[in-house]
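Q: One predicted model, sequence on top.
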Amino acid sequence: MNNRTKVFLLAITLLNSSATTERADVVLGTVVIDAGHGGKDPGTRGVFMREKDVALKIALKVGGLIEKNLPGVKVIYTRKDDRYIALDQRAAIANKNKADLFICIHANAVSKEEINGTETYVMGLHKSEGNLDVAKRENAVILLDDNYQERYEGFDPNSPESYILFSIAQSAFQESSLKFADKVESEFKARVGRRSHGVKQAGFWVLWRTAMPSVLIEVGFLTNQKEEKFLSDESGQNQIASGIYRAFKEYKTQVESIN
């Protein structure tokens, strides 16, 4: 069986499992917060900040706010310190704990230093080369894993064909993911005062493999000196974390009131 066939069959399996897993009586009781990168994988870099450090600090703050203000919600972290967690392990943590929402936190980078702002991704077929570039960068971490060809069922983060096959498995949770993503970006723009690039879709492996509403949040560009300074400061981290928390609280209220 070739790699393309493996990815195709995996896509069909995930699509079917997603369709049968979503419940009508949703109670948002468990959230998994995933701090991107870690350990041997620093992620992108600014002048003095590393993505893995920014992501962890904000992830812990988001989780802390939820634990303090919404004690009925169980918060699970994929990592709470500087360690490497493979993408398949991150998705497995969310699926094993039957999470109701998966929040993945990252920081961005581009070649043009003047670009700044936030953007939140949901699983989908990329609609621009920029979205694809972000997905390729975040997915490339699988190349650090032993036997990655087998572990990721033949998925190649640098192959356009792999991303085309993602379109077969448009998540059954995409609508819910989009609702939460929109709330995150609205908070960043209206309450935190950040420039929002909006909600986007792209083929992120970790979102593809999670069987629940899932988003990947790019909290800012470390390649922009002003934004790097904002994200390195505890006040800036608190503002970003508060925005995500408020979006979570509003989303939880909306989801549970519908059911």
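A: Cool, got the structure. Numbering: from 1, shown residues only.
Q: ok, the nearest residue to residue 80 once chain neighbours are set aside - contacts?
A: In this structure, residue 80 finds its nearest non-sequential neighbour in residue 60, 6.7 Å apart by CB to CB, 6 or more residues apart in numbering. The C-beta positions use only the backbone N, C-alpha and C, and glycine is treated the same way. Shown in contact with residue 60 (CB atoms under 8 Å, 6 or more residues apart in numbering): 35, 77, 80.
Q: In a helix, residue 60, correct?
A: Yes: according to DSSP: H, G, I helix; E, B strand; the rest coil, residue 60 belongs to a helix.
Q: where does it land on pLDDT?
A: In this model, residue 60 is scored at 98, pLDDT.
Q: Likewise for the one 10 residues further on?
A: We note a pLDDT of 97 for residue 70 in this prediction.
Q: Now do it against residue 158, distance only.
A: Separation of residue 70 from residue 158 (CB to CB, to the nearest Å) stands at 40 Å.
Q: Between those two, point out the one with more neighbours.
A: residue 70 (17 against 10; other CB atoms under 10 Å).
Q: what about that one, distance to residue 191?
A: Distance from residue 70 to residue 191, by CB to CB: 18 Å.
Q: same thing with residue 65?
A: In terms of CB to CB, residue 65 sits 14 Å off from residue 191.
Q: Around the residue lying closest to residue 53 once chain neighbours are set aside, how many other residues sit close by?
A: In space, and not counting its chain neighbours, residue 53 is closest to residue 82: 7.5 Å by CB to CB, 6+ apart. The number of residues packed around residue 82, counting by other CB under 10 Å, is 15.
Q: what's near enough to touch residue 82?
A: Residues near residue 82 by CB under 8 Å, 6+ apart: 38-39, 52-53, 56.
Q: For it, which three-state class applies?
A: coil.
Q: Which strand or helix spans residue 245?
A: For residue 245, the host element (DSSP states H and E) is helix 234-258.
Q: who's in contact with the residue nearest to residue 99 when sequence neighbours are not counted?
A: Nearest residue to residue 99 in three dimensions, chain neighbours excluded: residue 32, at 4.3 Å (CB to CB, 6+ apart). Going by CB under 8 Å, 6+ apart, residue 32 touches 76-78, 93-94, 97, 99, 101-103.
Q: Repeat that for residue 51.
A: For residue 51, counting by CB under 8 Å, 6+ apart, the contacting residues are 36-37, 42-45, 106-107, 109, 222.
Q: Where do the helices of the protein begin and end?
A: Secondary structure of the chain (DSSP state H): helices at 3-21, 51-69, 87-96, 129-139, 148-151, 160-166, 174-190, 205-208, 225-232, 234-258.
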